[in-house]
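# based on what follows, work out the 3D shape:
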Amino acid sequence: MNTNKFTISWGDFSRYRSSMFGLSIIGIMVFHHFEHIRSAHLLLKSEQFWDYYIGSTVVDFFLFLSGMGLFYSLTKNDDICQFYKKRLVRILPAYLLVSMPFFAWRDFIHLHTGILTFIRDLLFLNFIDHADTTYWFIFFIIVMYLLFPLLFKFLDTASQGKRFLRLLAVLAIYALFSWGLFALNPVIFGNVSIALARVPIFVLGCYFAPQIKRNDRFTVWQIVLFVLATALLMYCKYNIHFGIWLPLPYWIRLTNSLWAFPLMIIGLYLCKLINLTKFLQGFVKISGALSLELYLGHVSARIFLTAHHMSLYIPLAIPGRDRPLLPGQLLKWMENKIQGQLLPLSRKK
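Predicted structure coming up:
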């Protein structure tokens, strides 16, 4: 077990999983804060640094850890039906508890768009057709849940060499799908690119999960590869415009997703430091445990309050206060009540 405070290993991604989820949701709220004030041209230089070099990359912490967690789940129990039931019972009650009242307010009261829009919103159809990104993350993670058993089975080989070649094959299929979608329907491609560009980091979470489970040390070639990839990505970000093959925003999101690796390494060191303080450790872990509920409540409240010319960010940006956690805790309690009814029913079947 890696106990040295100044070294990290692959196993730390599992060891500090809750804290990393906590850093991610806190980072997302900070990003939305900067996004909010950027629209008013109020960003300071320090805030511009965060906005440019970190931005929404913290979302990719979620996705990498989710790919890792799903690998752990199927490794323990390869029953696909139970896998789907547990995943959907985990996410759908929370999503519906928040999205139904939110879309009811927006479609019937605020925008007066009616029942058809309400149904399309709930089913994510307006995300695909009209780039309504309110709950894009939920759509993305449900799709990944559905596809994950296939990915798990394809990458499930004892040979590291074969596993790497299969990873390349998965990424090649992904690249062909992305290019094909753009060629066939560039509008839909643009609408879903916020999710599509995040597929590789999720796949990498599954790919590296065995090394995380074994608590392997980072090898020299992995460190060299991360450094070279980061240098190449930063060079491309500043010097090359990829709009020839695919739209530039897609490439920016894709490079930012891969940029998440060095940021996650920094995040692991932060988790080690945070663990030295019980108060911060508890705050970050609770945020991680409530990450789904905080995400749903946060993005909904953000749009609702903005529509009424109010800001969410002053109370949410104060570290150590209970206010950002209370809505998530309430939603988590309601969600647990629903799950307590659904899971026994699924087992009886």
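# pLDDT weak spots in the stretch 51-200 of the chain?
In the predicted model of the stretch 51-200 of the chain, residues 51-53, 158 satisfy pLDDT under 70.
# need the helices for it, in chain order.
Defined through DSSP state H, counting those that start in this stretch, the helices belonging to the stretch 51-200 of the chain, from first to last, are 59-76, 80-104, 115-122, 125-130, 136-155, 160-184, 186-196, 199-214.
# closest one to Tyr295 among those helices?
The minimum distance between Tyr295 and these falls on helix 136-155, with 6.7 Å, by C-beta to C-beta. For glycine as for every other residue, the C-beta is placed from the backbone atoms N, C-alpha and C.
# for the longest helix seen in the chain, buried residues please.
The longest helix of the chain (DSSP state H) is helix 248-274. By neighbour count on 16 or more other C-beta atoms under 10 Å, the buried set for helix 248-274 is 250-265, 267-268, 270-272, 274.
# and the helix or strand that that helix is followed by, what other elements does it pack with?
Taking DSSP states H and E as the definition, the helix or strand that follows helix 248-274 towards the C-terminus is helix 278-289. Helices and strands in packing contact with helix 278-289 are listed as helix 17-38, helix 248-274; criterion 3 or more C-beta pairs under 8 Å, 6 or more residues apart in numbering; DSSP states H and E.
# using CSV, lay out the ones you listed together with distance to Ile109 and mean pLDDT.
Listed next are the helices and strands packed on helix 278-289 as CSV, based on distance: least, C-beta to C-beta, whole Å; pLDDT from 0 to 100:
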stretch, distance to Ile109, mean pLDDT
helix 17-38, 23, 83
helix 248-274, 32, 81
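# same list (the ones you listed) but as a markdown table, adding distance to Lys86.
Written out in a markdown table, the entries for these read as follows (distance: least, C-beta to C-beta, whole Å):
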| stretch | distance to Lys86 |
| --- | --- |
| helix 17-38 | 17 |
| helix 248-274 | 26 |
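# which of those sits closest to Ile119?
In this view, those are compared for proximity to Ile119 by C-beta to C-beta, and helix 17-38 is the closest at 27.0 Å.
# can you give me the offset of the closest one from its chain's centre?
A distance of 11 Å separates the C-alpha centroid of helix 17-38 from that of its chain, computed with C-alpha atoms, centre = their mean, to the nearest Å.
# ok, stretch 190-204 next?
In terms of C-alpha atoms, centre = their mean, the gap separating the centre of stretch 190-204 from the centre of its chain is 10 Å.
# stretch 132-148 too?
10 Å.
# send me that stretch as PDB with only the CA atoms.
What follows is the C-alpha trace of stretch 132-148 in PDB, where atoms were taken according to Å, rounded to 0.1, in the frame of the first residue of the first chain:
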ATOM      1  CA  ASP A 132     -30.000  22.000 -24.800                       C
ATOM      2  CA  THR A 133     -27.000  21.100 -22.600                       C
ATOM      3  CA  THR A 134     -28.800  21.500 -19.200                       C
ATOM      4  CA  TYR A 135     -28.400  17.800 -18.300                       C
ATOM      5  CA  TRP A 136     -26.000  16.600 -21.000                       C
ATOM      6  CA  PHE A 137     -23.900  14.800 -18.400                       C
ATOM      7  CA  ILE A 138     -26.900  12.600 -17.400                       C
ATOM      8  CA  PHE A 139     -27.500  11.700 -21.100                       C
ATOM      9  CA  PHE A 140     -23.800  10.900 -21.600                       C
ATOM     10  CA  ILE A 141     -23.400   8.700 -18.500                       C
ATOM     11  CA  ILE A 142     -26.600   6.700 -19.300                       C
ATOM     12  CA  VAL A 143     -25.300   6.000 -22.800                       C
ATOM     13  CA  MET A 144     -22.000   4.900 -21.300                       C
ATOM     14  CA  TYR A 145     -23.800   2.700 -18.800                       C
ATOM     15  CA  LEU A 146     -25.500   0.900 -21.700                       C
ATOM     16  CA  LEU A 147     -22.400   0.500 -23.800                       C
ATOM     17  CA  PHE A 148     -20.000  -0.400 -21.000                       C
END
